[in-house]
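Chemist: make a model of this:
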Amino acid sequence: MMLDSIKPRVAIYIRVSTHYQIDKDSLPMQREDLTNYCKYIFNTDEYEIFEDAGYSGKDTGRPAFQEMMIKIRKKEFTHILVWKIDRISRNLLDFSTMYEELKKYGVTFVSKNEQFDTSTAMGEAMLKIILVFAELERKLTSERVTATMLSRAVKGLWNGANVPLGYEWNEEKKFPVPNDKERKTVELIYSKYIRFKSCDKLSNYLNNNNISTKRGGFWTSKTVNDILRNPFYKGTYRYNYKESGGGKKKPESEWIIIENNHEPIIDETLWNMCNDILNQNGGKVSTKFRNVVHTHIFSKKLVCKKCGNTFIACKDRERTNGFRPSIYRCAGNRSKHICDAKMCSDIVIGSFIFELLRNIVQACSKFCNTPLELQNKLLNGISFSNVKSINIEDLELLYVALYKTELKKNELNINSIQDSILSNSENNNHTEMIKKQINKFNKERSKYKKALERLEDLYLFSEKGINKTDYIQKKQQYEEKLRLAEDNLRQFYRMNDSARNLKDMSFLLGYEKFLFNSTIKGSEFDYTEFAMNINNNVLKDFIDSIIEKIEIENSSISCVFLKNGLKLRFENKIPLIMST
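Modeler: Numbers count the residues shown, from 1 in each chain. Presented below is the predicted three-dimensional model:
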């Protein structure tokens, strides 16, 4: 086997499809076998293990697999190593898509059990042949399982789906039976729907009265609608109704319907009344029929850093002050089940974003001496208590953009500055500013270098001298100031190359009065008060015009991308907790 001249960085992928395999020896065996392969065949200790325990190989919607692919796209690995090819996928189309992506990033695929790797033409050909047979085996198995499950459904037997709200599993009957506590919630839903005639109003009622779902989550209009439409509650067993994974409906001729199959919770007459109302509502123009159409300020702006999916918005419960924020859930978590990202709230996101933009506008009015001084201004506020720092390169670019904005405000020749920013022209105003800053930090560097030399002479050779403790303390102080001056110099020199075509921040200045709205009293920014005094549509239009996207990690903002091409990456101390 030919190894790369550069030491391989290996992603080890392990998967087992049943908990029986997890509990026995399959998972540990794969782990040990593949780590030894890395050490003795690849001759490397640079590997990371990705484990999906209890996941099928029929598709690639698995959390560890998705995490591995994200890191591959960041070029963190040179090889993928698996125990057997079907550990990755039994689906030819999925694997082909993945393999094309691996080739794009120059990643070699190695299967230890089949003894081939795709760095050779023969290995690539063998891979494709094996995968064809793996998919054939999967489809044959799927056909056998489907036939068995249809046969069971015709007999009214349970086929292992999630037990609906209102029921619990009965081991003796091998079928769900009514749960005394949960059935009251189901009965309440049906009786209240007759009164409200709206799934949206009913979901708000349930949330406001702290009535929990089956798994303790929030009610949505869809959740309510699904319960009202489910014939299981009137004792009818329906199977083979939708495509696997909750997809589109199958033709009615393929459904299996068994009336009076089990103990009902809802009388058939009440079930029919509720469904008649649903049918009537479905025939109305939805936007005219709804009393409220919600506007979510950060809709389509939030992106999950972990899986790359956007966040789905819905309204949270109303607070005691009357404010009703939006909450956002990662689509990879909510609908695809490939991500464990937590939800986040308008209260956290809005406070952070609007206070950040206010701070940027304030920084425009008073120029900072250094990018680090700018960082202190940007992170001034309670919203940033969990932020450790801002990426230094992003700070430097924003620093120059703010200065260009100041020049534009003062009606200086911004066009010539944009064309020759930081060039060698003696007449360039921006260049002169940079030169002054560089001279300033050069003088500081020289000053503290001399101070260190004099301090050492004083300690070693002067008759009066100073004691060792004072010498060490003074030396540390001077060294720290010298380091700061040298850091600032490096930052200003880096600007020469990075800021040539940088846009300014003038697109934000027109919103100064908006961001410092008179309804907001005091220096501390209160997002709830701010949002309650301005129409949501206005706030959303503002965000859409300023923000390109916002990257979320662990319920915290990790990066803000502005419309002018700038971005600010944040290093957070700890994950933020969603405000209530």
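Chemist: quick one: residue 85 from residue 65, how far?
Modeler: Going from residue 85 to residue 65 by C-beta to C-beta, to the nearest Å gives 14 Å. To be clear about C-beta, it is placed using only N, CA and C from the backbone, and glycine gets the same treatment.
Chemist: can you give me the helices for the stretch 351-500 of the chain?
Modeler: Counting by DSSP state H, counting those that start in this stretch, the segments of the stretch 351-500 of the chain that form helices are 371-378, 392-409, 414-420, 429-460, 468-498.
Chemist: least reliable of the ones you listed going by mean pLDDT?
Modeler: Ranked by mean pLDDT, the helices of the stretch 351-500 of the chain bottom out at helix 414-420, which scores a mean of 36.
Chemist: quick check, residue 569 in a strand?
Modeler: Yes: secondary structure of residue 569, determined by DSSP: H, G, I helix; E, B strand; the rest coil: located in a strand.
Chemist: how does this structure divide into domains?
Modeler: As recorded under automatic domain parsing, the domains making up the chain are 10-141, 167-289, 296-421+504-580, 424-498.
Chemist: tell me which of the ones you listed lies nearest to residue 153.
Modeler: The closest of the domains of the chain to residue 153 is domain 167-289. By C-beta to C-beta, the value is 3.8 Å.
Chemist: select the longest helix from this protein.
Modeler: The longest helix of the chain (DSSP state H) is helix 121-154.
Chemist: avg pLDDT for it?
Modeler: Taken as a whole, helix 121-154 has an average pLDDT of 74.
Chemist: same deal with stretch 332-347?
Modeler: For stretch 332-347, the mean pLDDT works out to 78.
Chemist: do the same with stretch 213-226
Modeler: pLDDT averaged over stretch 213-226 equals 85, rounded to a whole number.
Chemist: quick one: that stretch to chain centroid distance?
Modeler: Relative to the mean C-alpha coordinate of its chain, stretch 213-226 is positioned 23 Å out (C-alpha atoms, centre = their mean, to the nearest Å).
Chemist: residues in contact with residue 164?
Modeler: Remark: with contacts taken as C-beta atoms under 8 Å, 6 or more residues apart in numbering, residue 164 is in contact with 176, 214, 227, 230, 232-233.
Chemist: how much space between the residue nearest to residue 273 when sequence neighbours are not counted and residue 274?
Modeler: Closest residue to residue 273 apart from its sequence neighbours, by C-beta to C-beta, 6 or more residues apart in numbering: residue 194 at 6.4 Å. Distance of residue 194 to residue 274, computed by C-beta to C-beta: 7 Å.
Chemist: ok, now residue 452?
Modeler: According to C-beta to C-beta, residue 452 stands 83 Å off from residue 274.
Chemist: more crowded one of those two?
Modeler: Neighbour totals were compared for residue 452 and residue 274, and residue 274 leads with 21 against 16 (other C-beta atoms under 10 Å).
Chemist: regarding residue 94, which helix or strand does it belong to?
Modeler: When elements are defined using DSSP states H and E, residue 94 is found to belong to helix 92-104.
Chemist: buried sites along stretch 224-233?
Modeler: Buried residues in stretch 224-233, counting neighbours by 16 or more other C-beta atoms under 10 Å, are found at 224-225, 227-228, 230-233.
Chemist: restricted to helices, list the residues you listed.
Modeler: 224-225, 227-228.
Chemist: closest to the centroid, which residue in the chain?
Modeler: residue 304 (1.5 Å; C-alpha atoms, centre = their mean).
Chemist: how far away is that one from residue 54?
Modeler: 23 Å.
Chemist: also residue 14?
Modeler: Counting by C-beta to C-beta, the gap from residue 14 to residue 54 is 12 Å.
Chemist: between those two, which is the more surrounded one?
Modeler: Summary of the neighbour comparison: residue 14 and residue 54, criterion other C-beta under 10 Å, with residue 14 having more neighbours (22 against 14).
Chemist: residues contacting the more buried one?
Modeler: Listed by C-beta under 8 Å, 6+ apart, the contact set of residue 14 reads 27, 30-31, 34, 49-52, 82-83, 87.
Chemist: so which of those is the closest to residue 320?
Modeler: Closest to residue 320 out of the contacts of residue 14 is residue 52 (43.4 Å), distances taken as C-beta to C-beta.
Chemist: isn't residue 260 right next to residue 235, touching?
Modeler: Yes: taking contacts as C-beta atoms under 8 Å, residue 260 lies within contact range of residue 235: 5.4 Å.
Chemist: more crowded one of these two?
Modeler: For residue 260 versus residue 235, the count of surrounding residues by other C-beta under 10 Å is larger for residue 235: 18 against 12.
Chemist: ok, for the more buried one, nearest residue in space, not its chain neighbours?
Modeler: Nearest to residue 235 is residue 264, by C-beta to C-beta, 6+ apart, at 3.5 Å.
Chemist: A helix includes the one you found, no?
Modeler: No: judged by three-state DSSP, residue 264 forms no part of a helix; its state is coil.
Chemist: that one touches residue 237, doesn't it?
Modeler: No: at 11.0 Å, residue 264 does not count as touching residue 237 under the criterion of C-beta under 8 Å.
Chemist: could you report the pLDDT at the residue nearest to residue 273?
Modeler: According to the prediction, residue 194 has pLDDT 90.
Chemist: one more: residue 37?
Modeler: Each residue has a pLDDT score; the one for residue 37 is 91.
Chemist: contact partners for residue 87?
Modeler: 13-15, 30, 57.
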